[in-house]
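# what's the 3D shape of this:
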Amino acid sequence: MASSSRKRIVLLGATGSIGESTLRVISAHPDKLELVGIAACSNHVRLAEIARAHPGVRHVALFDPSAHAAARASGAFPAGVALHAGLGGLTFLAQLPEADTVLVAVVGTTGLEPALAALAAGKDLALASKEILVLAGKFVMAAARASGAKLLPVDSEHNAVFQCIQGHPSADVSRIILTASGGAFRDWPAEKLAHATPADALKHPNWSMGPKITVDSATLANKGLELIEAQCLFGLRAEQCHAVVHPQSIVHALVEFTDGAMLAQLCPPSMTFPIQHALLHPMRAPGVETPLDLAKLFSLEFRPADDVRFPMLRLAREVMHAGGTAPAVYNAANEIAVAAFLGGKIPFLAIPQVVDKTLQTLASFEPADLPAVLAVDADARRIAQHTTLAFQP
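This is a model prediction of the structure:
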């Protein structure tokens, strides 16, 4: 039985980079945090290792049905651990009565239904999957308001904004500025980008992340998605949301107030910092990583985020002004385009062209309900998939 002083955590996406960082945070604070449920797409071997290392885990879910079958046959999970399958399995874990906080770190939009289920059940939602708010932000925010549950941002930039605006009325916020590393190609000559390969794009200079988000960092689609998410999360107008390139990835966001003063949040480029803040909020505790040593921090550099070099950022701004279903189209088309690039089917510079064409094809409207958004998501993926064919050799 968990101590009442410990927060009980369900981790969806336990085997990815966010999941591994979360496990480090939980292991570092056994007196404050307890893991009670874990889920992954297919890596049942690693899930079994996690379950054995965390005795509080009593429920495990695998999204891939074949992986679920393999997990059952393996016998590797401790006695008393229940195995669940598919999207229903993830949603079941998100509503566990014993859980206090559900951290959603699954790739793409798969985490939407579990996230909504967690909020409906009154669980605090620590959100690392930015696509969820981009796809269905108004419905997620409405679910949080209806249940009174906390929505705690885990993305380093949104977590930084969240920390900076605490205690300040929203009317006092003039604008927010999210920082971008610039990705693998930030110092490449523009003419070289036409020949960029997936292997090139995956060489991120600062962060260790999954393939999709690393490519998004190279196109700055990641920052575009984060700007869209920030607009929704903090109730801002499109013109209040800005981005700059900051190669050191030390300053994660800045908030400018109406009097011209700015607050910034700084920490090393490790996801353990925002994850720990979200899981322990409102408490503070010693961190997992070594904090900044200002004696060794000689400079902080900021550059404008060039819309010509990074057209995905320009498209994101257009989407923010359009509102409605436009963010869902942007997100869906980008997922298809990135998958095609990683599969060697389209060149790097075709990614924004696929997204732009899809946005032009599907007119934006204000969705009345979640099924309407999901239908647009499916349409955008179909159109984007067809559009990639024009760029394939």
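# contact partners of stretch 367-383?
Identification of contacts with stretch 367-383 by CB atoms under 8 Å, 6 or more residues apart in numbering yields 109, 116, 135-136, 139, 324-325, 328-329, 331-333, 335-336, 357-358, 361-362. Every residue, glycine included, has its C-beta placed from N, CA and C.
# rerun that using 6 Å as the cut-off
Stretch 367-383 is contacted by residues 136, 139, 325, 328-329, 332-333, 336, 358, 361-362 when judged by CB atoms under 6 Å, 6 or more residues apart in numbering.
# Between which two of the residues you listed is the distance greatest?
F139 and T361 (23.9 Å; CB to CB).
# Just want to know which of the two has more residues nearby.
Using other CB atoms under 10 Å as the criterion, F139 and T361 rank with F139 on top: 19 against 15.
# Nearest to the spatial middle of the chain, which residue is it?
Nearest to the mean C-alpha position of the chain, counting by CA atoms, centre = their mean, stands S129 at 3.0 Å.
# if I pick the residue lying closest to that one once chain neighbours are set aside, what's in contact with it?
Distances taken as CB to CB, 6 or more residues apart in numbering put G111 closest to S129, at 4.6 Å, once the chain neighbours are dropped. G111 makes contacts with 104, 129, 132, as judged by CB under 6 Å, 6+ apart.
# from those residues, which is closest to A194?
For the contacts of G111, the nearest to A194 is S129 (31.2 Å; CB to CB).
# contacting residues around the closest one?
S129 neighbours (CB under 6 Å, 6+ apart): 104, 106, 111.
# ok so, going back, restricted to helices, list the contacts of G111.
Among those, the members found in helices (DSSP state H) are I132.
# would you list the contacts of G111 in JSON lines and tack on pLDDT and distance to D259?
Formatted as JSON lines, the contacts of G111 follow (pLDDT from 0 to 100; distance: CB to CB, whole Å):
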{"residue": "V104", "pLDDT": "97", "distance to D259": "36"}
{"residue": "S129", "pLDDT": "86", "distance to D259": "35"}
{"residue": "I132", "pLDDT": "92", "distance to D259": "34"}
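# what would the contacts of G111 look like in JSON lines with distance to V154?
Putting the contacts of G111 into JSON lines (distance: CB to CB, whole Å) gives the following:
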{"residue": "V104", "distance to V154": "9"}
{"residue": "S129", "distance to V154": "9"}
{"residue": "I132", "distance to V154": "11"}
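# what's the closest of the contacts of G111 to S270?
S129 (18.8 Å).
# Turn the contacts of S129 into a markdown table, including distance to L294.
Listed next are the contacts of S129 as a markdown table, based on distance: CB to CB, whole Å:
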| residue | distance to L294 |
| --- | --- |
| V104 | 34 |
| V106 | 36 |
| G111 | 37 |
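# Check the residues you listed against V173 and report the nearest one.
V104 (25.9 Å).
# Might you report the residue contacts of the closest one?
Residues in contact with V104, defined by CB under 6 Å, 6+ apart, are 12, 111, 115, 127, 129.
# In strands only, show me those.
Members of these lying in strands (criterion: DSSP state E): 12, 127.
# Which two among the contacts of V104 are spaced furthest apart?
In the contacts of V104, two members sit farther apart than any others by CB to CB. They are L12 and L127, at 10.5 Å.
# Neighbour count for these two, which is higher?
L12 (30 against 26).
# Retrieve the pLDDT associated with the closest residue in space to the more buried one that isn't next to it in sequence.
For L12, ignoring the flanking residues on the chain, the nearest one in space by CB to CB, 6+ apart is A39 at 4.6 Å. Note on A39: pLDDT of 98.
# partners of the helix or strand encompassing A39, with directions?
Assigned by DSSP states H and E, A39 falls within strand 33-40. According to DSSP bridges, strand 33-40 forms sheet pairs with strand 7-12 (parallel), strand 59-62 (parallel).
# Relative to L233, how far out is G167?
17 Å (CB to CB, to the nearest Å).
# Looking at these two, which one has more neighbours?
Legend: neighbour count by other CB under 10 Å for G167 and L233, higher for L233 (21 against 6).
# Please state the backbone phi and psi of that one?
phi -60, psi -40 (degrees, to the nearest 10).
# Please name the residues that touch it.
H158.
# what about stretch 50-70, how long is it end to end?
Start and end residues of stretch 50-70 are separated by 17 Å (CA to CA, to the nearest Å).
# What residues of that stretch count as buried?
Of the residues in stretch 50-70, 50-51, 54, 56-57, 59-64, 67-68 count as buried by neighbour count, 16 or more other CB atoms under 10 Å.
# which residues touch it?
Contacts of stretch 50-70 (CB under 6 Å, 6+ apart): 14, 34-39, 41-42, 44, 47, 71, 77-78, 81-85, 89-90, 93.
# Report the residue spans of this protein with pLDDT below the cut-off.
1-4, 204-209 (pLDDT under 70).
# What is the neighbour count of L389?
Neighbours around L389, by other CB under 10 Å: 10.
# Kindly report the same for V107.
17.
# T325 versus that one, what's the distance?
21 Å.
# quick one, phi/psi of the residue nearest to the centre of the chain?
Its backbone dihedrals place S129 at phi -90, psi 90, with angles given as degrees, to the nearest 10.
# I'd like the distance between it and Q166.
Taking CB to CB, one finds S129 at 23 Å from Q166.
# P153 is nearest to which of the strands paired with strand 33-40?
Closest among the strands paired with strand 33-40, once you apply CB to CB, is strand 7-12, at 15.8 Å.
# Give me the contacts around the closest one.
So strand 7-12 is contacted by 2, 19, 22, 33-39, 90, 93, 96, 98-104, 106, 114 (CB under 6 Å, 6+ apart).
# could I have it exported to CSV, CA atoms only?
The C-alpha coordinates for strand 7-12 follow below in CSV (Å, rounded to 0.1, in the frame of the first residue of the first chain):
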residue,chain,number,x,y,z
LYS,A,7,2.0,10.7,-5.3
ARG,A,8,1.1,7.6,-7.3
ILE,A,9,2.0,7.9,-10.9
VAL,A,10,0.8,6.2,-14.1
LEU,A,11,3.3,6.5,-16.9
LEU,A,12,2.0,6.1,-20.5
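# What residues of the very next helix or strand once past it count as buried?
Downstream of strand 7-12, the next assigned helix or strand under DSSP H and E is helix 17-28. For helix 17-28, the neighbour count (16+ other CB under 10 Å) marks 17-26, 28 as buried.
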